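J.: Coordinates for the following, if possible.
(one chain, ligands or ions: 2)
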Amino acid sequence: MNAFNAGPLCSARIRGLGALRVSDTILETEGLTKEFRGFVAVSDVRLQVKRGTIHGLIGPNGAGKTTCFNLLTKFLPPTRGVIRYDGRDITAMKPAEVARLGLVRSFQISAVFPHMTVLENVRLALQRARGDSFDFWRSESVLARFDDRARDLIADVGLTGYETLTAGQLPYGRKRALEIATTLALDPTMLLLDEPTAGMTHEDVARIMALVQRVAQGRTVLLVEHNLTVVSGLCDTITVLTRGRVLAEGDYAAVSANPEVQAAYLGTDPGISGGTTPGASTHA
Ligand SMILES: Nc1ncnc2c1ncn2[C@@H]1O[C@H](COP(=O)(O)OP(=O)(O)OP(=O)(O)O)[C@@H](O)[C@H]1O
Ligand SMILES: [Mg+2]
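T.: Ligands and ions are numbered 1, 2, ... in the order given. As a prediction, the model looks like this:
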């Protein structure tokens, strides 16, 4: 049997999913390729993400990580290849359809409005997740219904006490937490995070790491991240991309010991044994 068709059934060892018998692989791609006018940004990528894990996608600047995210969430059509999510072929789907299936990229549909408060932002995200029209006329009466759930989400991302501040008043790290809260409002099964700690202070990085770990409970997370301390601390499996291709895959110990991976990082990083690749603070 082609593993791509069904995937093995297994007992989920994974976070919060108990002993459900579910397909082991939630997201997989085969031959995923994206060309921009002849330039191959993503080349024949085979990715398999196990349900309930935190899967890292790393690689030097320009490796094709964000393009992969754009392909997976259907923001870009692939030139070639197949994407399967939760047993379905989603290759031809539209971004909103994929999001409805629970595959959601942070900052995708939910947006954070700087002049609205933290509470208003999360309430609005909940309303939009429900599919209600974007109707400010009846905002107060209708949105008030979402208060309890909004406060729960705000607590989940560690923003209790910040409810009445506008998003624009939040420190940077807290703003990313708010963005994650508005993403969680969509109730994702699988969350894609592109450099959630980019441009953050050491303290904020630690807070976001803890937050990612918390939101990964009962979910799958695909994480693009330059900060290798974050990668080693969070990721169960890591796929290394260079020049659009998969160079290596495994846990952190395996990929960091891989000479090809080390070579790919040479010249851009003192080593993959820790620290941060350049550009980590340039993608805010
Ligand atoms: N819309 C586009 N048109 C043409 N080239 C593109 C487009 N989007 C991305 N590219 C190119 O594809 C390559 C991969 O870019 P991508 O943004 O996916 O890399 P990345 O791994 O996310 O890099 P970074 O770590 O810097 O964020 C780069 O060479 C980039 O210039
Ligand atoms: Mg990128």
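
J.: Can you name the helix or strand that Val49 falls in?
T.: Using DSSP states H and E, the element containing Val49 is strand 39-50.

J.: That strand close to ligand 2?
T.: No. Using CB under 5 Å from the ion, strand 39-50 never reaches ligand 2; the gap is at least 10.6 Å. Every residue, glycine included, has its C-beta placed from N, CA and C.

J.: Not counting whichever helix or strand comes after that strand itself, show me its contacts.
T.: Note on strand 39-50: by DSSP H and E, the next helix or strand toward the C-terminus is strand 54-58. Applying CB atoms under 8 Å, 6 or more residues apart in numbering, the contact partners of strand 54-58 are 47, 49, 65, 68-69, 212-213, 216, 220-226, 228, 231, 234-241, 255.

J.: Count the residues that sit near the closest residue to Arg51 other than its chain neighbours.
T.: Spatial nearest neighbour of Arg51, excluding adjacent residues (CB to CB, 6 or more residues apart in numbering): Ile26 at 4.2 Å. Residues lying near Ile26 (other CB atoms under 10 Å) number 26.

J.: where's Ile26 relative to ligand 1, distance?
T.: With the distance defined as CB to the nearest ligand atom, to the nearest Å, Ile26 ends up 22 Å from ligand 1.

J.: Quickly run through the sheet partners of the helix or strand where that residue lies, with directions.
T.: Ile26 is part of strand 25-36, with elements assigned from DSSP H and E. Take DSSP bridges as the rule and strand 25-36 pairs in its sheet with strand 39-50 (antiparallel), strand 80-85 (antiparallel).

J.: Mind putting these into a markdown table with mean pLDDT and mean neighbour count?
T.: Below are the strands paired with strand 25-36 laid out as a markdown table (pLDDT from 0 to 100; neighbours: other CB atoms under 10 Å):
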| stretch | mean pLDDT | mean neighbour count |
| --- | --- | --- |
| strand 39-50 | 98 | 19 |
| strand 80-85 | 98 | 19 |
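
J.: re the thing from before, show residues contacting the strand holding Ile26.
T.: Identification of contacts with strand 25-36 by CB under 8 Å, 6+ apart yields 3-4, 7, 40-52, 64, 67-68, 71-72, 76, 78-86, 103, 189-190, 220, 222, 244.

J.: ok, and which of these reach ligand 1?
T.: Under the cut-off given by CB under 6 Å from any ligand atom, ligand 1 has 41, 64, 67 from the contacts of strand 25-36 close to it.

J.: Name all residues that make contact with the first one.
T.: Under the criterion of CB under 8 Å, 6+ apart, the neighbours of Ala41 are 34-35, 64, 67, 244.

J.: What's the ChimeraX syntax to select whichever of those are buried?
T.: Burial among the contacts of Ala41 is assessed by 16 or more other CB atoms under 10 Å; the matching ChimeraX selection reads:
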select :34,64,67,244
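
J.: Pick out the most distant pair among the contacts of Ala41.
T.: Farthest apart among these by CB to CB are Glu35 and Gly64. That separation is 11.2 Å.

J.: now the strands paired with strand 25-36 in TSV, with distance to Val157?
T.: Listed next are these as TSV, based on distance: least, CB to CB, whole Å:
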stretch	distance to Val157
strand 39-50	23
strand 80-85	25
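
J.: quick one: which of those is nearest His202?
T.: The closest of the strands paired with strand 25-36 to His202 is strand 39-50. By CB to CB, the value is 28.8 Å.

J.: In CSV, list the C-alpha atoms belonging to that closest one.
T.: Provided in CSV are the C-alpha atoms of strand 39-50 (Å, rounded to 0.1, in the frame of the first residue of the first chain):
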residue,chain,number,x,y,z
PHE,A,39,12.9,29.7,-10.4
VAL,A,40,12.2,26.6,-8.3
ALA,A,41,11.5,27.9,-4.8
VAL,A,42,10.1,24.5,-3.5
SER,A,43,11.3,21.4,-5.3
ASP,A,44,9.8,17.9,-5.0
VAL,A,45,9.1,18.2,-1.3
ARG,A,46,7.8,15.2,0.6
LEU,A,47,6.7,16.2,4.0
GLN,A,48,4.9,14.0,6.5
VAL,A,49,3.7,15.5,9.7
LYS,A,50,2.5,13.2,12.5
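
J.: circling back: among the contacts of strand 54-58, name the ones in strands.
T.: Applying DSSP state E to these, the entries found in strands are 47, 49, 220-224, 237-241.

J.: Fine by me, thanks again.
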